[in-house]
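Colleague: One predicted model, sequence on top.
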There are 2 protein chains.
Amino acid sequence: LKAVILAAGRGSRLGELTKERPKGLVKLLGLTLLERAILSAKEGGVEDFVIVIGYKGEKIREEIGDGKRYSARIRYVENEEWEKGNGLSLLKARDHLSSESRFIIMMCDHVFDPSAIKKLVNFKEEYPFVLLVDRDLSRDTGEATRVKLSNNLVIDIGKGLKEYQALDCGLMLSTPEIFRAIEESLKVGDDSLSGGIRVLSKKGGVRALEIDGFWMDIDTPENLSEAERTLLNSLTKPEDGIISRSINRRISTRISALILKKWGRVNPNLISAFSFLIAISSSILFAIGSLALGGILAQTSSIIDGCDGEVARLGFRRSKFGAWLDSLLDRIADFSMIFGLSWGYWELAHDQVVWPLCFLSLMGTFLISYTGSKYELDFGELAVFSRVDATRDVRIFLLMIGAILGRPIETLLLLAVITNSMVIRRILITWKRWRESP
Amino acid sequence: LKAVILAAGRGSRLGELTKERPKGLVKLLGLTLLERAILSAKEGGVEDFVIVIGYKGEKIREEIGDGKRYSARIRYVENEEWEKGNGLSLLKARDHLSSESRFIIMMCDHVFDPSAIKKLVNFKEEYPFVLLVDRDLSRDTGEATRVKLSNNLVIDIGKGLKEYQALDCGLMLSTPEIFRAIEESLKVGDDSLSGGIRVLSKKGGVRALEIDGFWMDIDTPENLSEAERTLLNSLTKPEDGIISRSINRRISTRISALILKKWGRVNPNLISAFSFLIAISSSILFAIGSLALGGILAQTSSIIDGCDGEVARLGFRRSKFGAWLDSLLDRIADFSMIFGLSWGYWELAHDQVVWPLCFLSLMGTFLISYTGSKYELDFGELAVFSRVDATRDVRIFLLMIGAILGRPIETLLLLAVITNSMVIRRILITWKRWRESP
């Protein structure tokens, strides 16, 4: 499946941001809107792109290139009439698309969740045109194109509609029929893509499909800020513990935003390794008796540990290997910090009670991770046992507090008790769920 | 979907075994052939059964009951003419089946892998009759019904066929058309089910479907022994380590066979708990310095640890909770044995080098389990890294050898080195696989 991205416009409402560069090269969290469109579509399974350029188009050619960097194929079409309607932009791409039975149409200034592309790609009913729409009218940031529906069919479309039930999300699945429709619309003086869609809709040929995830039309600097906020807020995960939700994520998402803005699509494994090194330093500090500093480094590493996944997601660089390696390094870090704390106390006090406590803390810590991942594996669903659990964020936070207070033995005892009792609780919860399942 | 099980015959070739009980109540690894048929079909999604009884049918009613024990619904139909052909048996079930559009036909004396039932249940093409066949003619134990094929269609069937390409596996997906076909066959003096199938096959109405897994027709005591051997051999898993393959499985499958024959479908979680208790006893022996006995108990527990999964599989009592709990108990046992060995040495020698070694062994042991299960989770495929790996069977075997030799510190060192180096190896292998994946 090919996708055509309309990126000819200037986006003058973005003011200074589009004085030197076209709208498609405006950056959102370190990635240009065009990169974001390409990478989102790639996650949805599209690898072949036609980009229609106009205003300062040569800059797009330079920055985006032939697509090798995105493991995609990209060709360019120029539209010198970019100041006119975007229907003309699509017409310019006709030669590249008319042999396709179906293709995707995207606007370079729409940010959206990749699930939207998947929904279009997987839509199998045959219509001349499929338009992704949002029935939540509150998402209108002021300039949205309005859509009038009758059941699942679009019966009218336009910015000026008085009566409408949905908004146009700027993502479409089209057939070459759209070209004839735009030509027909041109005859009555409408050079917009909406004009073409309207022509098809009058013939009953436009199917509306509801969008599921986040989408936003970026027209103003305020839209950009809002999109940034929404993307950052979406990073919280259902399995996040209470410390993660209330402290770590708030800081780590800010750090991730800074990283992306400063260095772009950083390799997330580098961040995992960096967080790991801090954790190992913390373990060494514990072992040599420098408890307070060790505690602070432990918590720092815990916060930065959130950044790898965040940067991976926001930079479209998630990988199975990265997820696997990150978990592994986290476990080694957990183990090292507990052993470091125990060894430090042993050197200081030569009290052998530390070793059973060390053992129980290690076992409990390990079992929390293991019960979680094994549950997900055996039951095929995410393991969320309760809102307050001995998850990593909570354990390391307690480690920091205990270390700052200079109480290694009490900290180990506390860790041993809460991790192991949570494991017992998890076993009981799982047993109960299993007994009650049909 | 309903299933009819033909269980009227005596099975006189089984000799003494069917003197007091019908063929369906002959036991294979602790379960009667009928129980096995019902539970296999249940795994394939069938919950509603009609059993045609004849020879000593009242014993079947008594032993199998109304199906509550199997969470299934079972009704009985009597065939007093059980000494005649089995086509008559099927005709007796007509009233219970004629309102169904499709139903499964099973023979009580055929043992098979539940995947066969799934294959029939999922077959969606419309034919009056679908017959599971095996093209591997070497599976004929002497009495198999032969099938002549033309492409995917059965064109003739019978024990006496000279020219044939496949064997009848005794599993079918039928429509009520079979009843009229049997009646037609009766007119020419053939009262067997094969006779009815032949009538349908002459009209092009019998589709042959290839069986995937194991199946066997049980006619003689030799067949019974062979089926037992085959079932026990099928218990080896691809992720089994080298000690498991060469020692543990050979012993554990024998123990499992004994357990099933003596106590029937035992709750596998009890076996997990028993193996766990032995492991904990072994840890205590290690801690009080009784190394050799501790080592032998550790290896014993490792062997018995195979039995829970085996009994679960052979007794159709597998559960997600059981698999999850077993892994958990194994990890606690691993941890305890290593800590027990370390503590025993500490008490004896007061040499603090034992603690870093204990820590590294615990971490390596834990990471072997964790990298495996997390790999399966993140990559969606079984983690088999290499033929010789630091899997549990290998680790515990080394622990036993080291303990018997009275070398705790060297054992911990060895465990620490091989587990952690295997973890590094796994990381490198996974990284390489990931880089090379498309």
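Modeller: That came in fine, so what should we check first?

Colleague: Look up the closest residue to A:Leu1, ignoring the ones flanking it.
Modeller: A:Val46 (5.5 Å; C-beta to C-beta, 6 or more residues apart in numbering or on different chains). The way it works is simple: take the backbone N, C-alpha and C, and place the C-beta from them, glycine included.

Colleague: ok, that neighbour touching A:Ala37?
Modeller: No: applying C-beta atoms under 8 Å, one finds A:Val46 not in contact with A:Ala37, separated by 10.1 Å.

Colleague: Between the two, which is the more surrounded one?
Modeller: Between A:Val46 and A:Ala37, counted using other C-beta atoms under 10 Å in any protein chain shown, A:Ala37 has the larger neighbour count: 28 against 22.

Colleague: Name the SS class of that one, please.
Modeller: Put simply, A:Ala37 is helix when judged by DSSP: H, G, I helix; E, B strand; the rest coil.

Colleague: mind checking how far it is from B:Gly160?
Modeller: The gap separating A:Ala37 from B:Gly160 is 70 Å, by C-beta to C-beta, to the nearest Å.

Colleague: what does A:Trp215 give?
Modeller: Distance of A:Trp215 to B:Gly160, given as C-beta to C-beta: 70 Å.

Colleague: neighbour count winner among the two?
Modeller: In this view A:Trp215 and B:Gly160 are compared by other C-beta under 10 Å, and A:Trp215 has more residues nearby, 20 against 7.

Colleague: For whatever residue of the stretch 51-200 of chain A ends up closest to chain B, give me its contacts.
Modeller: Chain B sits closest to A:Ser71 of the stretch 51-200 of chain A, with a gap of 9.8 Å, by C-beta to the nearest C-beta. By C-beta atoms under 8 Å, 6 or more residues apart in numbering or on different chains, the residues touching A:Ser71 are A:42, A:47.

Colleague: repeat that with 7 Å
Modeller: Not one residue lies near A:Ser71 by C-beta atoms under 7 Å, 6 or more residues apart in numbering or on different chains.

Colleague: where does it fall, phi/psi-wise?
Modeller: Backbone torsions of A:Ser71, given as degrees, to the nearest 10, read phi 50, psi 40.

Colleague: So for stretch A:248-255, what gets flagged as buried?
Modeller: Neighbour counts over stretch A:248-255 (16 or more other C-beta atoms under 10 Å in any protein chain shown) mark A:248-249, A:252-253, A:255 as buried.

Colleague: residues near the one residue in the stretch 101-250 of chain A that gets nearest to chain B, how many?
Modeller: Proximity of the stretch 101-250 of chain A to chain B (C-beta to the nearest C-beta) peaks at A:Glu239, 12.8 Å away. Number of residues near A:Glu239 (other C-beta under 10 Å) recorded here: 14.

Colleague: quick revisit: which members of the buried residues of stretch A:248-255 are positioned in helices?
Modeller: Mapping the buried residues of stretch A:248-255 onto helices (DSSP state H) picks out A:249, A:252-253, A:255.

Colleague: Please work out the average pLDDT along stretch A:195-209.
Modeller: Stretch A:195-209 carries an average pLDDT of 95.

Colleague: how long is that stretch end to end?
Modeller: 19 Å (C-alpha to C-alpha, to the nearest Å).

Colleague: Likewise for stretch A:404-411?
Modeller: End-to-end span of stretch A:404-411 (C-alpha to C-alpha): 10 Å.

Colleague: Name the residues of that stretch that are buried.
Modeller: Those would be A:408-409, A:411, for stretch A:404-411 by 16+ other C-beta under 10 Å.

Colleague: Now tabulate those residues in TSV and tack on secondary structure, distance to B:Val111 and pLDDT.
Modeller: Conversion of the buried residues of stretch A:404-411 to TSV gives the following (DSSP: H, G, I helix; E, B strand; the rest coil; distance: C-beta to C-beta, whole Å; pLDDT from 0 to 100):
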residue	secondary structure	distance to B:Val111	pLDDT
A:Pro408	helix	61	96
A:Ile409	helix	60	97
A:Thr411	helix	58	97
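
Colleague: which of those come close to chain B?
Modeller: Among those, no residue lies close to chain B (C-beta under 7 Å from any C-beta of the partner chain).

Colleague: Angles on the backbone of the nearest residue to A:Glu100 once chain neighbours are set aside, please.
Modeller: Distance criterion C-beta to C-beta, 6+ apart; nearest residue to A:Glu100, sequence neighbours excluded, is A:Lys2 at 5.7 Å. Backbone dihedrals for A:Lys2, given as degrees, to the nearest 10, come out at phi -100, psi 160.

Colleague: again, but for the one 3 residues further on
Modeller: The phi and psi values for A:Ile5, taken as degrees, to the nearest 10, are phi -110, psi 120.

Colleague: where's it relative to A:Glu83, distance?
Modeller: Counting by C-beta to C-beta - A:Ile5 and A:Glu83 are separated by 18 Å.

Colleague: more neighbours, the two?
Modeller: A:Ile5 (27 against 13).

Colleague: Now A:Leu382, what are its backbone angles?
Modeller: When read as degrees, to the nearest 10, the backbone of A:Leu382 gives phi -60, psi 140.

Colleague: what's the answer for A:Ile74, then?
Modeller: Phi and psi for A:Ile74, reported as degrees, to the nearest 10, are phi -130, psi 130.

Colleague: The closest residue to it other than its chain neighbours: what's it in contact with?
Modeller: With sequence-adjacent residues excluded and distances taken as C-beta to C-beta, 6+ apart, A:Ile74 is closest to A:Gly67, at 3.5 Å. Listed by C-beta under 7 Å, 6+ apart, the contact set of A:Gly67 reads A:49, A:73-74.

Colleague: Compile those into TSV and extend it with columns for distance to B:Leu328.
Modeller: Converted to TSV, the contacts of A:Gly67 look like this (distance: C-beta to C-beta, whole Å):
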residue	distance to B:Leu328
A:Phe49	48
A:Arg73	49
A:Ile74	50
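
Colleague: closest to A:Lys124 among the residues you listed?
Modeller: Nearest to A:Lys124 among these is A:Phe49, at 22.6 Å by C-beta to C-beta.

Colleague: What about that closest one? Give its phi and psi, please.
Modeller: Residue torsions, per degrees, to the nearest 10, at A:Phe49 are phi -120, psi 150.

Colleague: so what's it up against?
Modeller: A:3, A:5, A:38, A:67, A:72-74.

Colleague: go again using 6 Å as the cut-off
Modeller: Going by C-beta atoms under 6 Å, 6 or more residues apart in numbering or on different chains, A:Phe49 touches A:3, A:74.

Colleague: Please name the nearest non-neighbouring residue to the residue in the stretch 251-400 of chain A that chain B sits nearest to.
Modeller: Proximity of the stretch 251-400 of chain A to chain B (C-beta to the nearest C-beta) peaks at A:Phe321, 3.8 Å away. Of all residues not flanking A:Phe321 in the chain, B:Trp434 sits nearest, at 3.8 Å (C-beta to C-beta, 6+ apart).

Colleague: Can you get me a residue count around the one you found?
Modeller: The tally of other residues near B:Trp434 (other C-beta under 10 Å) stands at 15.

Colleague: Quick check: it touching A:Ala323?
Modeller: No: the pair B:Trp434 and A:Ala323 does not pass the contact test of C-beta atoms under 6 Å, sitting 10.7 Å apart.

Colleague: How far does the lengthiest strand in chain A sit from its chain's centre?
Modeller: Ranked by number of residues, the top strand in chain A under DSSP state E is strand A:166-174. Relative to the centre of its chain, strand A:166-174 is centred 21 Å away, using C-alpha atoms, centre = their mean, to the nearest Å.
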